[in-house]
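Colleague: any chance you can model this:
(one chain, ligands or ions: 1)
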Amino acid sequence: MLDIRTLIVIIGLIAALIAVVFTVTWRRPEVGGPAGHWAAGFGLAAVGTLGTALRGVAPDALSIVAAALLIQLYILLVVRGLCRYTGHRFPDRLAFSVLAVFTLAHAYWGLIDPSMTARIVNFFIVFSLFHLAGAAHLWWRFPRRMRTVGRLTAAVFLLLAVVYLGHAASAVIVGVSGTALTDPDPLRALAVVVSILGCIVVAMTMLWMVAANWYIRSQEAVRDRLDAERRFRGIFEHSASGIALADASGRLMAVNNAFAELVGLSRASLAGLPFDDLDDPGDASGDMETIRRILSDEADYYRTEKRYRRPDGQAIWADVTTSAVRGDDDLPTSYITVAVDLQEKKAAEAELYRRAEGEAMVQAISTALLAAPYDQIDETIKDALARIGQAAMADRSYIFQWVDDDRRMSNTHDWNAEGVAPQIRDLGDLPASDFDWLRRHLRERSVPMIQSVAEVANPGLWALFKQREIRSLLLIPMVRDEGPIGFLGLDVVNGDRSWTDSEQHLLRIAADTLAGALARQRLEHELRYQAHHDPLTGLLNRRPFEEALSQEIHRLQRYGAPVALIMFDIDHFKAVNDTYGHDAGDRTLAELAKGISDQLRAGDLLARWGGEEFMILLPETDAAGARQVADSLRRQVAEHAFSAVGGLTISLGVAQCRSHETLEDVTQRVDEALYAAKRCGRDRVMGDGEARSR
Ligand SMILES: Nc1nc2c(ncn2[C@@H]2O[C@H](COP(=O)(O)OP(=O)(O)OP(=O)(O)O)[C@@H](O)[C@H]2O)c(=O)[nH]1
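Modeller: The predicted structure is shown next:
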């Protein structure tokens, strides 16, 4: 059997051990300050209990006083820690003043009035009052949100106060009934009571701490959830990204403003809408299958780039991340989609792509135009216009050039998208004065871009564009060193369109390339003209005439089509020169060429053969027909009064080509006929047969 004092010592030691273990191990950082207070409280409780136990070992009034003091201090600190933790102000000065008074009272009764009854009564009453005050405080003054804990603790305090009062009452009764208080048994009984009470307090406090800890945790969980919800709501409402919550069936439950803005619908109209109704019909994204996998916990999230379709038909690119929203059992119940608007990125990508395509287009057309032979320049320009029109997303691309010494404007080349009516036939010859407004632009090398014809203020222009069903247009000057030669035009008839600076830059390069090709064409045309024409009379010269004659001989040989030649020259032209001067002779030659040329049919070809000799090619004509023509010409010349020299005559030789002969053969025969006409007296026509017979 254990001695009762040994038992008390053991209980006290266990309590002290619990306190030390608690002090060392219980360091939850989130509890912080209160843990320290509680640990200190436990330490004091242990010491108090030990003190009480020692009192049992060595009965002494001082040890009871010390124990009482320590236990009260412990309770005070526990309540104070709790108050600090809950943010409630603890009346430090008042509490410690009361404690000091009670301690002095203990000291007085313990030391000065050693009456045990007085000490015991005093001890229990003070203890009881202290707990009553604590209970009242916890009951009424505890923070509202922890009221349950406060009132639970108050109830414990109240219970303890009642117990202490009971003890005080029993001590009085024992004292009154004359029990010898010096009897070791009542003292031992008292020591046991005190130590047991100490242990009860420790145990209750531990219980209370566990309950408080649980309560705090649950409060923290609620608070965390509320915080998380508040944070989520803040992110949801103010996020620049679109956020949409949808239930397991794919119907939208909530969307934020950014999402509503992204898809072009109001938040109210989006609620309850099937999420996939917003998808662009052109995208078979297979979202629902992936979402099914997320909802059945087979995938965490998925991210993709997809298009939503706005009510106005515009497709909007978005970077979309979809993940599951989990319920209390941690299983996916719905899903959340975060959509980041990619329009700018996609537009930049498209712009880069278009620029690269535009550069490739410009490169290709400049190579093709540079390499194009003279007779294919027009075709190559048309191909280039097709490429330019398609790259610039226009419905029509065309070239206008100033012609006739800038007096007229002509639409010389065009390309029209499928289904777009060509305009070139009506625009081949326009007065340049209609384009004065344009000339101003071109002179300044500015690009007149009309994004929407509806904005055009000039009524004449507006009517012109309207008549041609033009909605937007861009005109780019084509300028050479010598000045503007025309412009490259782009029309849009199926909607409004604007061209970015970089597009305009590329189109300017394309227009310069086209201008270069046109200039080369003009130059070559000029050189060819000069090479093929006689500058004095403007007639073809000998070489191209021979080419034409060869072709006719070929036709004759192949199809038997008759062809005849007339060769003529002015009679005594030397005398004309000598009499009137060389210049007058020149003017006379030009006048004769014009007069003869006016008399000929459209298919006939007049050329200056050399000196004052001319040759006429008469396709589909036999010798008799040629002779008739020659006679008529001779007569008209003879009757004509030349401005510089007056009357003149010409001699003419006629020959019909034979199918087996060469160009040299036939020209020689016609030359012989002319020679015969000269020999026979001039101012006459001679056939080659006649020439030989003479
Ligand atoms: N003004 C001028 N005279 C030219 C031109 N080409 C040739 N002639 C002249 O034409 C004359 C031709 O003289 P001829 O060959 O003797 O012939 P013709 O005087 O006309 O005598 P027939 O032909 O025999 O009637 C020469 O005096 C040339 O100088 C030209 O381009 N301009």
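
Colleague: what's the weakest-modelled helix or strand in the protein?
Modeller: Between all helices and strands in the chain, the lowest mean by mean pLDDT, DSSP states H and E belongs to helix 33-57, at a mean of 47.

Colleague: list the contacts of the residue in the stretch 151-300 of the chain that the ligand sits nearest to.
Modeller: Residue nearest to the ligand within the stretch 151-300 of the chain: G282 (74.8 Å; C-beta to the nearest ligand atom). Where C-beta positions appear, they are placed from N, C-alpha and C, glycine not excepted. Contacts for G282 (C-beta atoms under 8 Å, 6 or more residues apart in numbering) come out as 307, 315.

Colleague: flag every residue of the stretch 551-694 of the chain that's near the ligand.
Modeller: Residues of the stretch 551-694 of the chain lying close to the ligand by C-beta under 6 Å from any ligand atom are 569-574, 577, 582, 585-586, 589, 611-612, 678, 682.

Colleague: let me fix that, I meant to ask about the chain.
Modeller: Counting by C-beta under 6 Å from any ligand atom, the chain sits next to the ligand at 536, 569-574, 577, 582, 585-586, 589, 611-612, 678, 682.

Colleague: do that again at 5 Å, thanks
Modeller: 571-574, 577, 582, 585-586, 611-612 (C-beta under 5 Å from any ligand atom).

Colleague: can I have the buried ones of the residues you listed as a PyMOL selection?
Modeller: A single PyMOL command is used to select the members of these judged buried by 16 or more other C-beta atoms under 10 Å:
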select buried, resi 571+573+577+585+612
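
Colleague: closest to F545 out of the residues of the chain next to the ligand?
Modeller: Comparing those against F545 with C-beta to C-beta places G611 closest, at 14.7 Å.

Colleague: so what's the closest one up against?
Modeller: Applying C-beta under 8 Å, 6+ apart, the residues near G611 are D569.

Colleague: pLDDT wise, what is it at?
Modeller: pLDDT, G611: 88.

Colleague: next one: it from A644, what distance?
Modeller: G611 sits 18 Å away from A644, going by C-beta to C-beta, to the nearest Å.

Colleague: in the protein, what residue comes closest to the ligand?
Modeller: Going by C-beta to the nearest ligand atom, the ligand is nearest to G585 of the chain, at 2.5 Å.

Colleague: host element of the residue nearest to that residue when sequence neighbours are not counted?
Modeller: Nearest non-adjacent residue to G585, counting by C-beta to C-beta, 6 or more residues apart in numbering: N577, 4.2 Å away. Using DSSP states H and E, N577 falls within helix 573-580.

Colleague: give me the residues contacting that helix.
Modeller: 570, 584-585, 588, 612, 644-645, 648.

Colleague: check the offset of that helix from the chain's centre.
Modeller: Taking C-alpha atoms, centre = their mean, to the nearest Å, the mean C-alpha location of helix 573-580 is offset from the chain mean by 84 Å.

Colleague: what's near enough to touch G610?
Modeller: R542.

Colleague: so what's it bridging to?
Modeller: When assigned by DSSP bridges, G610 has beta-bridge partners E613.

Colleague: quick thing: my sequence starts at 9, can you match it?
Modeller: Sure, I'll start counting at 9 from here, so that last one is G618.

Colleague: against L625, how distant is it?
Modeller: From G618 to L625 the distance is 16 Å (C-beta to C-beta).

Colleague: and if you look at I478?
Modeller: In terms of C-beta to C-beta, I478 sits 47 Å off from L625.

Colleague: wasn't the residue of the chain closest to the ligand part of a helix?
Modeller: Yes. Counting by DSSP: H, G, I helix; E, B strand; the rest coil, G593 is found in a helix.

Colleague: list the contacts of it.
Modeller: Contacts of G593 (C-beta under 8 Å, 6+ apart): 581, 584-585, 652-653.

Colleague: next one: E245
Modeller: 264-265.

Colleague: can you do 6 Å?
Modeller: By C-beta atoms under 6 Å, 6 or more residues apart in numbering, the contact set of E245 is N264.

Colleague: could you do the one 3 residues further on as well?
Modeller: Applying C-beta under 6 Å, 6+ apart, we find A248 in contact with A266.

Colleague: mind checking the SS state of it?
Modeller: Classified using three-state DSSP, A248 is coil.

Colleague: any idea how far it is from W325?
Modeller: Distance from A248 to W325, by C-beta to C-beta: 16 Å.

Colleague: packing partners for the helix or strand containing Q636?
Modeller: Per DSSP H and E, Q636 falls inside helix 631-647. When contacts are defined as 3 or more C-beta pairs under 6 Å, 6 or more residues apart in numbering; DSSP states H and E, helix 631-647 sits against strand 571-578, strand 658-664, strand 693-695.

Colleague: change it to 10 Å
Modeller: Contact partners of helix 631-647 among helices and strands, from 3 or more C-beta pairs under 10 Å, 6 or more residues apart in numbering; DSSP states H and E: strand 571-578, helix 590-607, strand 621-627, strand 654-655, strand 658-664, helix 671-687, strand 693-695, helix 696-701.

Colleague: make TSV from those and add distance to R362 to it.
Modeller: Shown next, in TSV, are these (distance: least, C-beta to C-beta, whole Å):
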stretch	distance to R362
strand 571-578	57
helix 590-607	54
strand 621-627	54
strand 654-655	72
strand 658-664	65
helix 671-687	57
strand 693-695	70
helix 696-701	69
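
Colleague: most tightly packed of the ones you listed?
Modeller: strand 658-664 (a mean of 27; mean count of other C-beta atoms under 10 Å).

Colleague: ok now that strand, how far from the chain's centre?
Modeller: Using C-alpha atoms, centre = their mean, the offset of strand 658-664 from its chain centre is 80 Å.

Colleague: ok, back up a step: which stretch in the helices and strands packed on helix 631-647 has the least confidence?
Modeller: It's helix 696-701: among these, that one has the lowest mean pLDDT, namely a mean of 66.

Colleague: ok, back up a step: can you list the strands that the very next helix or strand once past the helix holding Q636 pairs with?
Modeller: Scanning forward in sequence from helix 631-647 by DSSP H and E, the next helix or strand is strand 649-650. According to DSSP bridges, strand 649-650 has the following sheet partners: strand 654-655 (antiparallel).

Colleague: before we move on, back to that, can you pull the pLDDT of the residue nearest to G593?
Modeller: So N585 comes in at 93 (pLDDT).

Colleague: could you do R690 as well?
Modeller: For R690, the predicted pLDDT is 93.

Colleague: quickly note the distance from the nearest residue to it once chain neighbours are set aside to L660.
Modeller: Leaving out its chain neighbours, the residue that sits closest to R690 by C-beta to C-beta, 6+ apart is D579, at 4.2 Å. In this view, D579 and L660 are 11 Å apart by C-beta to C-beta.

Colleague: contacts only, for the residue nearest to R690.
Modeller: The contact partners of D579, by C-beta atoms under 10 Å, 6 or more residues apart in numbering, come to 620, 645-646, 656-659, 685-686, 689-692.

Colleague: of those residues, closest to Q607?
Modeller: V645 (9.5 Å).

Colleague: test my guess that the closest one contacts I658.
Modeller: Yes. If you go by C-beta atoms under 10 Å, V645 and I658 touch, sitting 4.9 Å apart.

Colleague: quick check: neighbours shared by those two?
Modeller: Overlap of the contact sets of V645 and I658 (by C-beta under 10 Å, 6+ apart) consists of 576, 578-579, 600, 604, 691.

Colleague: with distance to G503 as new columns, can these be given to me in CSV?
Modeller: Putting these into CSV (distance: C-beta to C-beta, whole Å) gives the following:
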residue, distance to G503
F576, 65
I578, 67
D579, 72
L600, 61
I604, 58
D691, 73
